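Enquirer: Pasted the sequence and its predicted model underneath.
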Amino acid sequence: MSFLTKSIAVLIMSFSCLSQAIAQHNSDLANKQGDILSDVPEKVDTKACYLFYLHGKIVEQDRRPAHPQFGVYEYDQILDAFKQKGFVVISEQRKKDTGVEQYGKKVAGQVKQLLEAGVPPEHITVVGASQGSWMTMLASTYLENRKVNFVIIAACSADEGFLDLVNLHGNVLSIYERSDLAGSCQKYRTDATGLGEYKEVELNTGLKHGFIYRPMKEWIEPTVAWAQRNTLNEAEQAVREVERMYRDAVMQQDVAGVSRILADDFIATSSRGEIRDKAKEIDDIRPSPDLKMEGFNLDDIRVRVFTDTAIVTGRSTLQVAFKGQSNTSVFRYTRVYVKRDGRWQAVAQQLTRLSQQ
(Lines give C-alpha, C1' and ligand atoms only; values in the text may rest on other atoms or scores of the structure.)
Protein backbone atom coordinates (compact mmCIF):
# COMPACT_ATOMS: atom_id res chain seq x y z
CA MET A 1 0.00 0.00 0.00
CA SER A 2 1.45 3.42 -0.96
CA PHE A 3 2.00 6.10 1.64
CA LEU A 4 -0.69 8.30 0.06
CA THR A 5 -3.21 5.45 0.27
CA LYS A 6 -2.23 4.87 3.90
CA SER A 7 -2.67 8.57 4.68
CA ILE A 8 -6.14 8.60 3.11
CA ALA A 9 -7.03 5.47 5.08
CA VAL A 10 -5.90 7.11 8.31
CA LEU A 11 -8.04 10.15 7.54
CA ILE A 12 -11.11 8.05 6.79
CA MET A 13 -10.66 5.95 9.93
CA SER A 14 -10.08 9.04 12.03
CA PHE A 15 -13.17 10.85 10.82
CA SER A 16 -15.29 7.72 11.23
CA CYS A 17 -14.38 7.85 14.92
CA LEU A 18 -15.33 11.50 15.22
CA SER A 19 -18.86 10.95 16.50
CA GLN A 20 -17.43 9.00 19.43
CA ALA A 21 -14.60 11.49 19.97
CA ILE A 22 -16.99 14.45 20.19
CA ALA A 23 -18.16 13.12 23.52
CA GLN A 24 -14.62 13.07 24.77
CA HIS A 25 -12.37 15.70 26.28
CA ASN A 26 -10.91 17.15 23.09
CA SER A 27 -14.22 17.88 21.46
CA ASP A 28 -15.76 19.28 24.63
CA LEU A 29 -12.96 21.79 25.08
CA ALA A 30 -11.21 22.50 21.80
CA ASN A 31 -13.89 22.05 19.16
CA LYS A 32 -16.64 24.13 20.75
CA GLN A 33 -17.67 27.13 18.69
CA GLY A 34 -17.85 29.31 21.77
CA ASP A 35 -20.39 31.97 22.71
CA ILE A 36 -20.53 35.59 23.85
CA LEU A 37 -22.68 36.46 26.88
CA SER A 38 -23.07 39.50 29.10
CA ASP A 39 -23.48 37.46 32.30
CA VAL A 40 -23.23 33.95 33.71
CA PRO A 41 -25.85 31.79 31.93
CA GLU A 42 -28.80 30.41 33.89
CA LYS A 43 -27.91 26.91 32.72
CA VAL A 44 -24.18 26.37 33.23
CA ASP A 45 -22.34 23.89 31.01
CA THR A 46 -19.78 22.46 33.43
CA LYS A 47 -17.63 21.12 30.57
CA ALA A 48 -17.21 24.50 28.85
CA CYS A 49 -14.25 26.84 29.25
CA TYR A 50 -15.27 30.31 30.45
CA LEU A 51 -13.36 33.52 29.79
CA PHE A 52 -14.32 36.85 31.35
CA TYR A 53 -13.05 39.88 29.42
CA LEU A 54 -12.89 43.21 31.26
CA HIS A 55 -12.27 46.05 28.83
CA GLY A 56 -10.40 49.34 29.23
CA LYS A 57 -12.08 52.44 30.65
CA ILE A 58 -12.57 54.09 27.25
CA VAL A 59 -15.20 51.47 26.29
CA GLU A 60 -17.42 52.77 29.11
CA GLN A 61 -18.04 55.82 26.89
CA ASP A 62 -18.84 53.99 23.65
CA ARG A 63 -18.85 50.38 22.45
CA ARG A 64 -16.41 51.22 19.63
CA PRO A 65 -14.62 54.33 20.85
CA ALA A 66 -11.79 56.11 19.05
CA HIS A 67 -8.71 57.43 20.81
CA PRO A 68 -6.85 60.32 19.11
CA GLN A 69 -3.51 58.51 19.46
CA PHE A 70 -4.33 54.79 19.61
CA GLY A 71 -7.25 54.54 17.18
CA VAL A 72 -10.45 52.51 17.53
CA TYR A 73 -10.90 50.13 20.46
CA GLU A 74 -12.26 47.01 18.70
CA TYR A 75 -14.13 45.60 21.69
CA ASP A 76 -16.41 43.26 19.70
CA GLN A 77 -13.53 41.97 17.59
CA ILE A 78 -11.66 41.06 20.77
CA LEU A 79 -14.68 39.18 22.12
CA ASP A 80 -15.07 37.34 18.83
CA ALA A 81 -11.37 36.37 18.80
CA PHE A 82 -11.87 34.57 22.13
CA LYS A 83 -15.16 33.06 20.98
CA GLN A 84 -13.40 31.59 17.93
CA LYS A 85 -11.01 29.81 20.28
CA GLY A 86 -13.98 27.94 21.78
CA PHE A 87 -14.51 29.92 24.97
CA VAL A 88 -17.82 30.94 26.46
CA VAL A 89 -16.96 34.63 26.69
CA ILE A 90 -18.62 36.66 29.45
CA SER A 91 -18.26 40.39 29.03
CA GLU A 92 -20.40 43.50 29.30
CA GLN A 93 -19.88 47.10 28.35
CA ARG A 94 -19.64 48.70 31.77
CA LYS A 95 -21.50 51.87 32.66
CA LYS A 96 -19.55 55.11 32.67
CA ASP A 97 -17.36 55.65 35.76
CA THR A 98 -17.98 52.17 37.17
CA GLY A 99 -16.12 51.73 40.47
CA VAL A 100 -13.05 49.50 40.27
CA GLU A 101 -13.60 47.80 43.63
CA GLN A 102 -17.33 47.43 43.05
CA TYR A 103 -16.81 45.71 39.70
CA GLY A 104 -14.02 43.51 41.01
CA LYS A 105 -16.46 42.19 43.62
CA LYS A 106 -19.09 41.63 40.93
CA VAL A 107 -16.74 39.54 38.79
CA ALA A 108 -15.61 37.55 41.82
CA GLY A 109 -19.29 36.78 42.48
CA GLN A 110 -19.81 35.65 38.88
CA VAL A 111 -16.83 33.31 39.09
CA LYS A 112 -18.20 31.89 42.35
CA GLN A 113 -21.49 31.15 40.54
CA LEU A 114 -19.61 29.03 38.00
CA LEU A 115 -17.60 27.26 40.69
CA GLU A 116 -20.74 26.49 42.71
CA ALA A 117 -22.37 25.11 39.55
CA GLY A 118 -19.52 22.60 39.21
CA VAL A 119 -17.20 24.25 36.66
CA PRO A 120 -13.58 23.27 37.44
CA PRO A 121 -11.54 26.35 38.43
CA GLU A 122 -8.98 25.48 35.74
CA HIS A 123 -11.73 26.11 33.16
CA ILE A 124 -12.27 29.73 34.27
CA THR A 125 -10.08 32.64 33.18
CA VAL A 126 -10.54 36.32 33.97
CA VAL A 127 -8.82 38.64 31.48
CA GLY A 128 -8.51 42.36 32.11
CA ALA A 129 -7.03 45.16 29.99
CA SER A 130 -5.92 48.52 31.41
CA GLN A 131 -8.56 49.58 33.97
CA GLY A 132 -10.18 46.18 33.46
CA SER A 133 -6.95 44.61 34.69
CA TRP A 134 -7.23 46.48 38.01
CA MET A 135 -10.70 44.98 38.41
CA THR A 136 -9.25 41.58 37.50
CA MET A 137 -6.57 41.88 40.19
CA LEU A 138 -9.22 42.75 42.76
CA ALA A 139 -11.41 39.83 41.64
CA SER A 140 -8.36 37.60 42.18
CA THR A 141 -7.92 39.11 45.65
CA TYR A 142 -11.56 38.66 46.67
CA LEU A 143 -11.87 35.10 45.33
CA GLU A 144 -8.82 33.70 47.15
CA ASN A 145 -8.78 30.70 44.81
CA ARG A 146 -5.38 29.33 43.80
CA LYS A 147 -6.66 27.45 40.73
CA VAL A 148 -8.64 30.07 38.77
CA ASN A 149 -6.69 31.69 35.91
CA PHE A 150 -6.12 35.44 35.57
CA VAL A 151 -4.53 37.50 32.79
CA ILE A 152 -3.68 41.12 33.55
CA ILE A 153 -2.75 43.23 30.52
CA ALA A 154 -1.28 46.74 30.65
CA ALA A 155 -2.04 46.62 34.35
CA CYS A 156 0.64 47.90 36.64
CA SER A 157 0.76 51.66 36.70
CA ALA A 158 -1.65 52.16 39.61
CA ASP A 159 -0.42 54.00 42.72
CA GLU A 160 0.84 52.53 45.98
CA GLY A 161 -2.62 52.83 47.53
CA PHE A 162 -3.96 50.35 44.98
CA LEU A 163 -1.03 48.03 45.64
CA ASP A 164 -2.17 47.86 49.26
CA LEU A 165 -5.63 46.64 48.12
CA VAL A 166 -4.30 43.76 46.01
CA ASN A 167 -3.25 40.30 47.16
CA LEU A 168 -3.05 38.17 44.04
CA HIS A 169 -4.41 34.62 44.09
CA GLY A 170 -4.64 31.97 41.39
CA ASN A 171 -2.60 31.40 38.25
CA VAL A 172 -1.61 34.85 37.02
CA LEU A 173 -0.20 35.88 33.64
CA SER A 174 0.98 39.48 33.31
CA ILE A 175 1.39 40.96 29.81
CA TYR A 176 2.83 44.41 29.27
CA GLU A 177 4.21 46.43 26.38
CA ARG A 178 7.74 47.82 26.59
CA SER A 179 6.72 51.20 25.12
CA ASP A 180 3.69 51.59 27.41
CA LEU A 181 3.59 53.45 30.73
CA ALA A 182 2.04 50.39 32.38
CA GLY A 183 4.96 48.08 33.06
CA SER A 184 5.97 45.00 35.03
CA CYS A 185 3.71 43.67 37.80
CA GLN A 186 6.56 42.21 39.85
CA LYS A 187 5.68 44.44 42.84
CA TYR A 188 2.25 42.82 42.99
CA ARG A 189 3.80 39.37 42.78
CA THR A 190 6.21 40.06 45.66
CA ASP A 191 3.48 40.60 48.23
CA ALA A 192 1.04 37.97 46.89
CA THR A 193 0.15 35.16 49.28
CA GLY A 194 -2.16 33.02 47.12
CA LEU A 195 -0.40 32.52 43.80
CA GLY A 196 -0.47 29.18 42.02
CA GLU A 197 1.59 29.86 38.90
CA TYR A 198 2.91 33.23 37.77
CA LYS A 199 4.35 34.31 34.43
CA GLU A 200 5.13 37.67 32.87
CA VAL A 201 5.45 38.48 29.16
CA GLU A 202 6.97 41.66 27.78
CA LEU A 203 5.87 42.70 24.28
CA ASN A 204 7.68 45.04 21.94
CA THR A 205 5.10 46.21 19.40
CA GLY A 206 5.95 49.89 19.75
CA LEU A 207 2.23 50.69 20.00
CA LYS A 208 2.32 51.98 23.58
CA HIS A 209 -1.08 51.58 25.27
CA GLY A 210 -2.74 51.09 21.88
CA PHE A 211 -1.63 47.45 21.71
CA ILE A 212 -4.72 46.47 23.75
CA TYR A 213 -7.13 48.19 21.32
CA ARG A 214 -7.40 45.27 18.89
CA PRO A 215 -7.06 41.48 19.04
CA MET A 216 -3.36 41.27 18.20
CA LYS A 217 -1.86 37.80 18.18
CA GLU A 218 0.99 39.11 20.35
CA TRP A 219 -1.31 39.17 23.39
CA ILE A 220 -4.24 37.01 22.27
CA GLU A 221 -2.08 33.89 21.76
CA PRO A 222 -0.35 33.88 25.18
CA THR A 223 -3.71 34.67 26.82
CA VAL A 224 -5.40 31.70 25.12
CA ALA A 225 -2.44 29.42 25.88
CA TRP A 226 -2.60 30.42 29.56
CA ALA A 227 -6.33 29.77 29.72
CA GLN A 228 -6.07 26.41 27.97
CA ARG A 229 -2.89 24.98 29.44
CA ASN A 230 -4.71 22.88 32.06
CA THR A 231 -7.72 21.98 29.90
CA LEU A 232 -6.05 20.42 26.88
CA ASN A 233 -4.56 16.99 27.08
CA GLU A 234 -0.83 16.52 26.78
CA ALA A 235 -0.90 15.29 23.18
CA GLU A 236 -2.97 18.22 21.96
CA GLN A 237 -0.71 20.71 23.70
CA ALA A 238 2.31 19.09 22.06
CA VAL A 239 0.75 19.27 18.57
CA ARG A 240 -0.25 22.91 19.06
CA GLU A 241 3.32 23.68 20.09
CA VAL A 242 4.62 22.06 16.89
CA GLU A 243 2.19 24.24 14.91
CA ARG A 244 3.67 27.32 16.59
CA MET A 245 7.20 26.10 15.87
CA TYR A 246 6.26 25.51 12.22
CA ARG A 247 4.82 29.02 11.92
CA ASP A 248 7.97 30.56 13.40
CA ALA A 249 10.31 28.44 11.26
CA VAL A 250 8.52 29.43 8.04
CA MET A 251 8.50 33.09 9.03
CA GLN A 252 12.23 32.99 9.76
CA GLN A 253 12.92 30.93 6.59
CA ASP A 254 14.55 28.39 8.89
CA VAL A 255 15.17 25.42 6.60
CA ALA A 256 16.48 23.18 9.39
CA GLY A 257 13.49 23.99 11.60
CA VAL A 258 10.95 23.14 8.88
CA SER A 259 12.90 20.00 8.00
CA ARG A 260 12.60 18.73 11.60
CA ILE A 261 8.83 19.17 11.56
CA LEU A 262 8.11 17.63 8.13
CA ALA A 263 8.58 13.86 7.97
CA ASP A 264 10.84 12.53 5.22
CA ASP A 265 7.78 10.89 3.63
CA PHE A 266 5.71 14.08 3.93
CA ILE A 267 3.27 14.62 1.07
CA ALA A 268 1.04 17.62 0.39
CA THR A 269 -1.71 18.67 -1.98
CA SER A 270 -1.36 22.33 -2.92
CA SER A 271 -4.23 24.76 -3.48
CA ARG A 272 -3.71 24.17 -7.23
CA GLY A 273 -4.02 20.41 -6.86
CA GLU A 274 -0.28 19.68 -7.17
CA ILE A 275 1.30 16.84 -5.21
CA ARG A 276 4.35 18.10 -3.35
CA ASP A 277 7.00 16.39 -1.23
CA LYS A 278 9.19 17.62 1.61
CA ALA A 279 11.93 18.91 -0.67
CA LYS A 280 9.53 21.15 -2.61
CA GLU A 281 7.99 22.54 0.59
CA ILE A 282 11.44 23.43 1.94
CA ASP A 283 12.54 25.01 -1.35
CA ASP A 284 9.57 27.39 -1.09
CA ILE A 285 10.89 28.97 2.09
CA ARG A 286 14.61 28.73 1.43
CA PRO A 287 16.30 32.15 1.90
CA SER A 288 17.06 34.01 -1.32
CA PRO A 289 17.62 37.63 -2.39
CA ASP A 290 14.27 37.56 -4.21
CA LEU A 291 12.11 36.21 -1.37
CA LYS A 292 11.22 37.95 1.87
CA MET A 293 8.70 36.66 4.41
CA GLU A 294 6.62 39.61 5.63
CA GLY A 295 4.10 37.72 7.74
CA PHE A 296 2.82 34.22 8.47
CA ASN A 297 -0.06 33.64 10.85
CA LEU A 298 -1.99 30.51 11.79
CA ASP A 299 -5.36 30.90 13.49
CA ASP A 300 -8.71 29.17 14.08
CA ILE A 301 -6.66 26.06 14.88
CA ARG A 302 -8.49 22.88 15.89
CA VAL A 303 -6.75 19.69 16.89
CA ARG A 304 -8.15 16.16 17.04
CA VAL A 305 -5.88 13.49 18.49
CA PHE A 306 -6.39 9.78 17.84
CA THR A 307 -3.70 7.91 19.77
CA ASP A 308 -0.55 8.56 17.70
CA THR A 309 -2.26 10.47 14.88
CA ALA A 310 -3.42 14.10 15.03
CA ILE A 311 -5.51 16.02 12.52
CA VAL A 312 -5.11 19.79 12.57
CA THR A 313 -7.38 22.21 10.73
CA GLY A 314 -6.88 25.94 10.61
CA ARG A 315 -6.45 29.07 8.56
CA SER A 316 -3.11 30.45 7.40
CA THR A 317 -2.35 33.95 6.18
CA LEU A 318 0.92 34.28 4.28
CA GLN A 319 2.47 37.62 3.27
CA VAL A 320 5.53 37.47 1.05
CA ALA A 321 7.50 39.90 -1.07
CA PHE A 322 8.96 38.37 -4.24
CA LYS A 323 11.38 40.62 -6.10
CA GLY A 324 9.98 43.54 -4.12
CA GLN A 325 6.33 42.81 -4.97
CA SER A 326 4.15 42.04 -1.92
CA ASN A 327 1.39 39.48 -2.00
CA THR A 328 -1.01 38.08 0.63
CA SER A 329 -2.64 34.64 0.40
CA VAL A 330 -5.16 33.10 2.79
CA PHE A 331 -5.73 29.34 3.00
CA ARG A 332 -7.74 26.79 4.89
CA TYR A 333 -5.46 23.88 5.70
CA THR A 334 -5.54 20.35 7.04
CA ARG A 335 -2.32 18.90 8.40
CA VAL A 336 -1.87 15.32 9.59
CA TYR A 337 0.73 14.53 12.26
CA VAL A 338 2.04 11.14 13.37
CA LYS A 339 3.97 10.53 16.58
CA ARG A 340 7.20 8.69 15.83
CA ASP A 341 9.92 7.97 18.37
CA GLY A 342 8.26 10.32 20.81
CA ARG A 343 8.11 13.25 18.36
CA TRP A 344 5.19 14.67 16.36
CA GLN A 345 5.93 15.08 12.64
CA ALA A 346 3.73 16.29 9.79
CA VAL A 347 3.11 13.55 7.22
CA ALA A 348 0.37 15.07 5.05
CA GLN A 349 -1.15 18.45 4.22
CA GLN A 350 -3.90 19.92 2.04
CA LEU A 351 -4.49 23.60 1.25
CA THR A 352 -7.55 25.41 -0.07
CA ARG A 353 -7.12 29.02 -1.13
CA LEU A 354 -9.74 31.45 0.18
CA SER A 355 -10.91 34.41 -1.84
CA GLN A 356 -10.11 37.76 -0.22
CA GLN A 357 -12.83 40.37 0.20
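Expert: Yep, it's here. What you see is a predicted model, and the numbers here were worked out from it, not measured in a lab.
Enquirer: In contact with the residue nearest to residue 352 when sequence neighbours are not counted, which residues?
Expert: Among residues not flanking residue 352 along the chain, residue 332 sits closest, at 4.6 Å (CB to CB, 6 or more residues apart in numbering). C-beta: built from backbone N, CA, C; applies to glycine. Contacts for residue 332 (CB atoms under 8 Å, 6 or more residues apart in numbering) come out as 313-315, 351-352, 354.
Enquirer: Provide a ChimeraX selection command restricted to the buried entries of the residues you listed.
Expert: Those of these that count as buried under 16 or more other CB atoms under 10 Å are selected in ChimeraX with:
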select :314,315,351
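Enquirer: ok, what's across the strand from the residue nearest to residue 352?
Expert: Beta-bridge partners recorded for residue 332 (DSSP bridges): residue 315, residue 352.
Enquirer: Low-confidence bits of the stretch 101-250 of the chain, can you list those?
Expert: For the stretch 101-250 of the chain, the stretches flagged by pLDDT under 70 are 158, 232.
Enquirer: Please enumerate the strands of it.
Expert: 124-129, 149-153, 169-177, 194-203 (DSSP state E, counting those that start in this stretch).
Enquirer: export those strands to CSV and tack on mean neighbour count and distance to residue 81?
Expert: Shown next, in CSV, are those (neighbours: other CB atoms under 10 Å; distance: least, CB to CB, whole Å):
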stretch, mean neighbour count, distance to residue 81
strand 124-129, 29, 11
strand 149-153, 29, 13
strand 169-177, 25, 15
strand 194-203, 15, 16
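Enquirer: Dump those strands to a markdown table, plus distance to residue 328.
Expert: Converted to a markdown table, those look like this (distance: least, CB to CB, whole Å):
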| stretch | distance to residue 328 |
| --- | --- |
| strand 124-129 | 28 |
| strand 149-153 | 28 |
| strand 169-177 | 26 |
| strand 194-203 | 24 |
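Enquirer: List the residues that contact the residue lying closest to residue 201 once chain neighbours are set aside.
Expert: Nearest residue to residue 201 in three dimensions, chain neighbours excluded: residue 175, at 4.8 Å (CB to CB, 6+ apart). By CB under 8 Å, 6+ apart, the residues touching residue 175 are 151-154, 200-201, 203, 219, 222-223.
Enquirer: Closest to residue 281 out of those?
Expert: When the contacts of residue 175 are compared for distance to residue 281 (CB to CB), residue 222 wins out at 28.1 Å.
Enquirer: That closest one: neighbouring residues, count only.
Expert: Neighbour count for residue 222, taken as other CB atoms under 10 Å: 17.
Enquirer: Pull up the gap between it and residue 315, please.
Expert: To residue 315, residue 222 is 19 Å away according to CB to CB, to the nearest Å.
Enquirer: For the closest residue in space to residue 314 that isn't next to it in sequence, grab phi and psi.
Expert: Residue nearest to residue 314 in three dimensions, not counting chain neighbours: residue 301, with 4.1 Å by CB to CB, 6+ apart. Taking degrees, to the nearest 10, you get phi -80, psi 130 for the backbone angles of residue 301.
Enquirer: Near residue 225, how many other residues are there?
Expert: Residue 225 has 15 neighbouring residues, counting by other CB under 10 Å.
Enquirer: Use 58 as the first number for this chain going forward.
Expert: Got it, the first residue is 58 from now on, which makes the last one we talked about residue 282.
Enquirer: how much space between it and residue 307?
Expert: To residue 307, residue 282 is 20 Å away according to CB to CB.
Enquirer: Then residue 146?
Expert: Counting by CB to CB - residue 146 and residue 307 are separated by 30 Å.
Enquirer: what does residue 398 give?
Expert: Residue 398 is 24 Å from residue 307, by CB to CB.
Enquirer: May I have the distance across stretch 229-241, first residue to last?
Expert: End-to-end distance for stretch 229-241, by CA to CA, to the nearest Å: 13 Å.
Enquirer: measure the residue nearest to residue 409 to residue 298 for me?
Expert: As judged by CB to CB, residue 389 and residue 298 stand 22 Å apart.
Enquirer: Next: residue 394.
Expert: 11 Å.
Enquirer: Over to residue 150?
Expert: Distance of residue 150 to residue 298, computed by CB to CB: 35 Å.
Enquirer: burial count for the residue nearest to residue 310 when sequence neighbours are not counted?
Expert: In space, and not counting its chain neighbours, residue 310 is closest to residue 344: 4.6 Å by CB to CB, 6+ apart. If you count neighbours by other CB under 10 Å, residue 344 ends up with 12.
Enquirer: Correct me if wrong: residue 181 contacts residue 170.
Expert: No. Applying CB atoms under 8 Å as the test, residue 181 and residue 170 come out as separate, 10.4 Å apart.
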